[in-house]
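Asker: here are the coordinates; sequence isn't available:
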């Protein structure tokens, strides 16, 4: 194990600081601002389309009876799902003391916050009369009538806003010691801003003692929260008595799908990021190998859910349910269903190969397929089930308008822009946890842990 | 005490720092503070601290969240006693979801505020003994002691592996 000893003893705590702090040092160049400008332009176009929708009305979308939930709600569920892997990696794997999470968790957690922030826009866009969106809040109307707490839409408002708040607090807490590090390494106005953001953190025993307890408890709270949020999102559908929606497996099925798509999005972001920022030494193939294993596992769970869902429709022997699934496979959206199966069930099987799990280009391509597949999954469930419901005379197939497509593209640009800004001005890799990992490895080597393990 | 001085021992390794703290406490000397670049459970144990009161604050926050959820859902249902679809006015299963989410929300906010309050943040002034390297790659043990004890403290810290022991202020 001598070789391993050399490898892990090589980086020092100062090496970690140098590797991470150089990413946020100085001012970004023209290419960076061009990238931000490109994304900001797409966001501006989406904002224009939305303002036009508010002004003209919901007729500018493709939403018509009976398909009144389509691209906007699909995209809302997609972004909430994307958010889930961040909390999985930052909170659940923290509780399990999983060592490989340290290098990737900050990026995943940042992705969570911005994905929830993006998701939160879609109900506002979807409701049309956005000035009445506050009706979702527990606020009585002029007759002192409160929102109906039996409604899954109200549960959703509570779940998503709690998730946004807790994710932001969890991210902020983890950032405090790292921003203090950045403060000590910077000068001028930047030093003052960092000093303000880190609340004057100095890393005393007193500060760490309370930090550790609060961080542990926050992870403990975030863990059931992450499982509850996508369960609640799934109940937006499962509580309705619509064939294709009204299913008891929706909560675990959606949670698995959320983690599947979210970890794929982490890979989509991290593969180019490690190259652009030159942090191949921090984000190694070992990290990606572990992420890919999570994608593979959740892909198998999602595939199992698809089979179970179809089996239940067949076994229940309910003609309407069977017709819904028949339309799902062979109806006008059938090609989307089979694309979804290809993206979510078949292509991820390539990850059984260890060499593919460590091949960055292949991983990136597979992760893009998974992202597309998971968006399609939500579309097939949401719009597909509404379009072909119980009475064939009421069937109506939906086609998205350019307004909806523009806002969908804008949401990706908005998310990427926020993530790019964060990665350039705040530590995107946790220095604190990497140092903790180095200390753990030093101690393990000192105790000859590895030779014992052999 | 006005006659006391502050000695700072700088360590390159977490475990040497812990040994230093243990050696000091073994000689009935409690360090004034210890700076570390990352949290260390062993160090907290070596310093003889109990569990942080943040956990009680989070518990109180969580309970407050549940009670707020009950007050909001049950209270508003009672206020407007309208039976919809033959369902009970107070429907426990859906209300549990609201109570659960508020428990997490209030617990989380309490945790953050409890941490900030107990950790003495925001820290506006300088803390004596702080060195920028203690946030990066060194561990600092600050000991306040009478001038007469300085030799003994210095010897204990060096024996534990301190790279450097220096006087912070007179």
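Answerer: Thanks, I have it. Everything quoted here is computed from the prediction, not taken from an experiment.
Asker: could you tell me the phi and psi values at the most centrally placed residue in chain B?
Answerer: With distances taken as CA atoms, centre = their mean, the residue of chain B nearest its centroid is residue B:119 (5.4 Å). Note on residue B:119: backbone dihedrals following degrees, to the nearest 10 are phi -80, psi 0.
Asker: same question for residue A:127.
Answerer: Main-chain torsions, residue A:127, degrees, to the nearest 10: phi -70, psi -10.
Asker: pLDDT at it, what is it?
Answerer: On pLDDT, residue A:127 comes in at 89.
Asker: so which bits of the stretch 51-200 of chain A are right by chain B?
Answerer: Residues of the stretch 51-200 of chain A lying close to chain B (CB under 8 Å from any CB of the partner chain) are A:138, A:140, A:144-146, A:148-150, A:154-155, A:158-159, A:161-162, A:165-166, A:169-170, A:172-173, A:177, A:180-181, A:184-185, A:199-200. Glycine gets a C-beta too; all of them are placed from N, C-alpha and C.
Asker: where does residue B:96 land in three-state SS?
Answerer: helix (DSSP: H, G, I helix; E, B strand; the rest coil).
Asker: what sits against the residue nearest to residue A:219 when sequence neighbours are not counted?
Answerer: Leaving aside its sequence neighbours, residue A:219 sits nearest to residue A:91 (CB to CB, 6 or more residues apart in numbering or on different chains; 4.1 Å). Neighbouring residues of residue A:91 by CB atoms under 8 Å, 6 or more residues apart in numbering or on different chains: A:170, A:218, A:219, A:220, A:222, A:223, A:226.
Asker: the first one: neighbour count?
Answerer: Translated: residue A:170. Counted with other CB atoms under 10 Å in any protein chain shown, residues neighbouring residue A:170 total 28.
Asker: which SSE is immediately downstream of the one helix or strand it maps to?
Answerer: For residue A:170, the host element (DSSP states H and E) is helix A:152-185. The element immediately downstream of helix A:152-185 (helix or strand, assigned by DSSP H and E) is helix A:188-197.
Asker: that older thread, chain center to the helix holding residue A:170, what's the gap?
Answerer: Mean C-alpha position of helix A:152-185 versus that of the full chain (CA atoms, centre = their mean, to the nearest Å) differs by 14 Å.
Asker: who are the packing partners of the worst-scoring helix or strand of chain B on mean pLDDT?
Answerer: Within chain B, no helix or strand scores below strand B:164-169, which has a mean of 79 by mean pLDDT, DSSP states H and E. Using 3 or more CB pairs under 8 Å, 6 or more residues apart in numbering or on different chains; DSSP states H and E, the elements in contact with strand B:164-169 are strand B:4-11, helix B:150-160.
Asker: deepest of the ones you listed, which one?
Answerer: strand B:4-11 (a mean of 22; mean count of other CB atoms under 10 Å in any protein chain shown).
Asker: that one to helix B:150-160, inter-axis angle?
Answerer: 10 degrees (axes from the mean of the first three to the mean of the last three CA atoms, to 10 degrees).
Asker: and the contacts of strand B:4-11?
Answerer: So strand B:4-11 is contacted by B:17, B:20, B:32, B:128-129, B:131, B:133-134, B:138-147, B:150, B:153-154, B:157-158, B:160-170 (CB under 8 Å, 6+ apart).
Asker: for it, the averaged confidence score.
Answerer: 84.
Asker: ok, it: who's next to it in the sheet?
Answerer: Applying DSSP bridges, strand B:4-11 is found paired with strand B:139-146 (antiparallel), strand B:164-169 (antiparallel).
Asker: and the next helix or strand past that strand?
Answerer: Trace forward from strand B:4-11 with DSSP H and E and the next one is helix B:14-26.
Asker: and that following helix, how far out from the chain's middle?
Answerer: 20 Å.
Asker: equivalent analysis for stretch A:374-383, please.
Answerer: Its chain's C-alpha centre lies 16 Å from the corresponding centre of stretch A:374-383 when counted by CA atoms, centre = their mean.
Asker: start and end of it, how far apart?
Answerer: 14 Å (CA to CA, to the nearest Å).
Asker: for the helices and strands packed on strand B:164-169, could you give me CSV that also reports distance to residue A:213?
Answerer: As requested, the helices and strands packed on strand B:164-169 are exported to CSV (distance: least, CB to CB, whole Å):
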stretch, distance to residue A:213
strand B:4-11, 24
helix B:150-160, 27
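Asker: still on that earlier bit, so the least confident helix or strand of chain B versus helix B:14-26, what angle?
Answerer: Using the same axes, to 10 degrees: strand B:164-169 against helix B:14-26 is 60 degrees.
Asker: contacts for strand B:164-169 next, please.
Answerer: With CB under 8 Å, 6+ apart as the criterion, strand B:164-169 contacts B:5-10, B:128-129, B:142, B:150, B:153-154, B:157-158.
Asker: make it 6 Å
Answerer: Residues outside strand B:164-169 that contact it (CB atoms under 6 Å, 6 or more residues apart in numbering or on different chains): B:5, B:6, B:7, B:8, B:9, B:10, B:128, B:129, B:154, B:157.
Asker: which of those lies closest to chain A?
Answerer: residue B:129 (9.1 Å; CB to the nearest CB).
Asker: from residue A:297, how far out is the closest residue in space to residue A:296 that isn't next to it in sequence?
Answerer: Residue nearest to residue A:296 in three dimensions, not counting chain neighbours: residue A:351, with 4.1 Å by CB to CB, 6+ apart. Distance, residue A:351 to residue A:297, using CB to CB, to the nearest Å: 9 Å.
Asker: and these two? Which one has more around it.
Answerer: residue A:351 (22 against 16).
Asker: so who does that one touch?
Answerer: A:292, A:296, A:357.
Asker: tell me the buried residues in the helix or strand containing residue B:99?
Answerer: Residue B:99 is part of helix B:92-118 when elements are defined by DSSP H and E. Neighbour-count burial for helix B:92-118 flags B:94-95, B:97-116, B:118 (criterion: 16 or more other CB atoms under 10 Å in any protein chain shown).
Asker: now do that helix: distance to the chain's middle.
Answerer: Distance, centroid of helix B:92-118 to centroid of chain: 20 Å (CA atoms, centre = their mean).
Asker: domain parsing of chain B, as residue ranges.
Answerer: B:4-50+B:125-169, B:54-118 (automatic domain parsing).
Asker: those: which one's closest to residue A:134?
Answerer: Proximity to residue A:134, assessed across these by CB to CB, is greatest for domain B:54-118 (16.0 Å).
Asker: before we move on, back to that, near chain A, which of the buried residues of helix B:92-118 show up?
Answerer: B:94-95, B:97-98, B:101, B:104-105, B:107-108, B:111-112, B:115, B:118 (CB under 6 Å from any CB of the partner chain).
Asker: next, format those as TSV and append pLDDT.
Answerer: Below are these laid out as TSV (pLDDT from 0 to 100):
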residue	pLDDT
B:94	91
B:95	94
B:97	95
B:98	95
B:101	95
B:104	96
B:105	96
B:107	96
B:108	95
B:111	95
B:112	95
B:115	94
B:118	93
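Asker: quick one: low-confidence parts of chain B?
Answerer: B:1-2, B:169-170 (pLDDT under 70).
Asker: kindly recompute the last result at 80.
Answerer: By pLDDT under 80, the low-scoring segments of chain B are B:1-3, B:84-85, B:125-129, B:131, B:135, B:168-170.
Asker: neighbours around the closest residue in space to residue B:136 that isn't next to it in sequence, how many?
Answerer: Leaving aside its chain neighbours, residue B:136 sits nearest to residue A:17 (5.1 Å; criterion: CB to CB, 6+ apart). For residue A:17, the count of nearby residues is 24 (other CB under 10 Å).
Asker: wait, doesn't residue A:17 sit right on residue B:133?
Answerer: No - look at residue A:17 against residue B:133 with CB atoms under 6 Å: they stay out of range, at 10.0 Å.
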